[in-house]
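A.B. asks: okay, here's the prediction I keep looking at, along with the sequence it came from:
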Amino acid sequence: MRPGVWKRFAARRRNLIGLGLSLLLALLALFADFIASDRPIILRQAGTLYLFPNLVEYRALRGFSARDLGRADWALWPPLRHGPYTIPPLATLEGPLPQPPSADHPLGTDNAGRDTLARLLHGTRTSLGVGCAAAAAQVVIGLALGVLAGYLGGLVDVAVTRAAEVLLSFPLLLLLLAAQGILERTTLMSTMAVIALTRWADTSRLVRAEAMRVREMPYVEASRALGSSRLRTLLVHVLPNSLSPALVAATFGVGSAILLESALSFLGFGAPEPTASWGLLMAHGFQDVLDPNARLLVLLPGLAIFLAVSAFNVIGEGLRDALDPRYQGAVDPSVFITSAQNRALSPIPKPDGCGPTPAA
Amino acid sequence: MRTLLLQRLLGTIPTFLGITFIAFALVRAAPGHALALEGDGGLRQGAATAAERREYRRLMGLDDPFLPGYARWLTHVVRGDLGDSFRDGRPVRVLLAEALPVTLLLSLPALFLGYLLAIPIGLISAARPGGLLDRFLSSAVFLLYSLPVQWVALLLVVAASGSGLPIQGLRTEGVSAASDLFAHLVLPIACLTYGSLAVLSRHLRSSMLEVMGQDYVRTARAKGLSETAVVLRHALPNSLLSMITLFGLTFPALASGAVIVERVFGLPGMGKLTFDAVLGRDMPVLMGAITLAGLMTMLGLLVSDLLYLAADPRVSLRGRRT
């Protein structure tokens, strides 16, 4: 990483807010079991000390409930004593489902009686997990193909560019839906895989352009002149210098993968029941959309998705500006003249890169 | 100019092959043949029997080795023969012809509105780049990117549930007035518009800023034109020129959004057709829908390229040189 990138990145408050928000979400995702679980964090029962029953399934504790605690026993509970999957026995239910917020369920329940707050918290894990994994996979594929296409040119370039063009010309959600639909059943893994397999084209386009630029650099020529093989030149010089667009694409990729996962789950072809997923939660809200008690099921997951995606998009944009030295002193209007290059790197809109431009 | 046109047209052939290839590969890769064959379709009236499904697989080359099978399927597709739906036995072509207009009815107005709303935003931003209003508008538009469509759609449904605005379907039963259709379309179109607005206004802004730095703008200023005239008569038309290419690229995004919007609002468009085909494992319809979606996008790209070619004489010159 070039020096000064962090300085330029941190110079904008917006970037720091985005970074903070995404770190917070990551912490929530990591420690969801310590915030919301129906099993204690530490439990002493019948003379045995159990560490982290909320993480580990102890055989002795199967069917354990808070009422089993004897006088000498004690437990350290997470702040919210509901897990994302606990469905209360029918007999204990009062009133129709979904329930409105109450002391026991701060944000109410979904229409199976599961605690909404617990499902939201654990949904962070699903969304961020699928988002990051899909983004990482798509960037690895896109980076490899893009560098090869940009550096080797010729037939490889034509094949990769064509494939990317075909993928980008499908309405993404239709393609994903079809891909998930032909599977016997969808899992988080398959959701991640289909997102990565359809989204690499974005990264490969950006990386290809960068690799083509890098290829013409004097240091690449020097490396060739010194007798390095093509492979060595590719791995040691071209690849590392083509990384920055991939980094930006990865960040934007997390945001878009979160959106896609939630859309697929909402349609019923993403995260399988009973996974705690923001998209699934909204699907539950959709079932009873006219029931006022179900409104939180629509409102909150959507807000969570919006915040998470915004955070990653803000970071992505900040990162792009910071990595691109042309952006120094960004308010000077003359820098906007380079916005043609800027657009080639921009995330969602693709005016000149993706589509076959008229001149091509 | 003509060679360029020809070049561009020939260039769509590999894309067409790629699109159909993906459609074929997807459906062929569908596991659980037995399940897909028997399904629950036998319970419905007019649904395909197992024998008919087997016949379809044979005819369409799904049981052949991959490449010969693909070639066989392709010859059917080129002739417009996509088979019959497993679900109700109607030709896929007819189903697609019914669904496509609904999706176009949603996405074309959304696209148009997106362009219409993007222009004032682009103008304001370009008038004082870096100013308070510009910063506010660009951030607001940037945040639009992060809004999940299903959220916006559901919030609109909740918001409209008290009012008289219809939230389901395309028409009220027995009413055929255009105003009724319009009332049904307001919310879905609103849902799709914000997405295209996000893409378009961001682009118009950067394109305006780029144009404002050009020599001809300086010339226009130098000859004493007012700033309004410079922006409206010189900068805006030239920025809009580059926006033409976005027409074809916004289209796939709109079609994606339509899947969710049609599901939430119960509209019988391409999205719903695909969704139902996936649910019912209706392979002929699924294959047809994917192929058509890909083709529509390809067509959109082609049209926007041709428009650009017609609007900007420099393009053909550049084309000849290369």
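C.D. replies: Received the coordinates, thanks.

A.B. asks: going forward, measure contacts and count neighbours with C-alpha atoms only.
C.D. replies: Will do.

A.B. asks: which residue packs closest to the closest residue to chain B within the stretch 1-150 of chain A, ignoring adjacent ones?
C.D. replies: In the stretch 1-150 of chain A, the residue that lies nearest chain B is residue A:14 (10.0 Å; Cα to the nearest Cα). Nearest residue to residue A:14 in three dimensions, chain neighbours excluded: residue A:314, at 7.3 Å (Cα to Cα, 6 or more residues apart in numbering or on different chains).

A.B. asks: okay, that neighbour and residue B:168: tell me how far apart.
C.D. replies: Residue A:314 sits 35 Å away from residue B:168, going by Cα to Cα, to the nearest Å.

A.B. asks: most centrally placed residue in chain A?
C.D. replies: Most central in chain A under Cα atoms, centre = their mean is residue A:131, positioned 2.0 Å from the mean C-alpha point.

A.B. asks: dump the residue contacts of it.
C.D. replies: A:192, A:253-258, A:261 (Cα atoms under 8 Å, 6 or more residues apart in numbering or on different chains).

A.B. asks: tell me how many other residues crowd residue B:71.
C.D. replies: Residues lying near residue B:71 (other Cα atoms under 10 Å in any protein chain shown) number 14.

A.B. asks: residue 153: how many residues sit nearby?
C.D. replies: In the absence of a named chain, chain A is used. Using other Cα under 10 Å, residue A:153 has 15 other residues around it.

A.B. asks: could you do chain B instead?
C.D. replies: The number of residues packed near residue B:153 is 24, by other Cα under 10 Å.

A.B. asks: from what I can see it touches residue B:188, true?
C.D. replies: Yes. Between residue B:153 and residue B:188 there is a contact under Cα atoms under 8 Å: 7.3 Å.

A.B. asks: which neighbours do these two share?
C.D. replies: Common neighbours of residue B:153 and residue B:188, using Cα under 8 Å, 6+ apart, are residue B:261.

A.B. asks: which helix or strand in the chain has the lowest average pLDDT?
C.D. replies: You didn't say which chain, so I picked chain A. helix A:339-345 (a mean of 34; mean pLDDT, DSSP states H and E).

A.B. asks: you looked at the wrong chain, it should be chain B
C.D. replies: Least confident helix or strand, chain B: helix B:33-38 with a mean of 44, by mean pLDDT, DSSP H and E.

A.B. asks: quick check: what element follows that helix along the chain?
C.D. replies: Downstream of helix B:33-38, the next assigned helix or strand under DSSP states H and E is helix B:50-59.

A.B. asks: just how off-centre is that next one within its chain?
C.D. replies: Here the centre of helix B:50-59 is set off from its chain's centre by 32 Å, with Cα atoms, centre = their mean, to the nearest Å.

A.B. asks: what is it packed up against?
C.D. replies: helix B:33-38 (3 or more Cα pairs under 8 Å, 6 or more residues apart in numbering or on different chains; DSSP states H and E).

A.B. asks: quickly note the distance from the residue nearest to the centre of chain A to residue A:253.
C.D. replies: Counting by Cα to Cα, the gap from residue A:131 to residue A:253 is 8 Å.

A.B. asks: cool, thanks, talk later.
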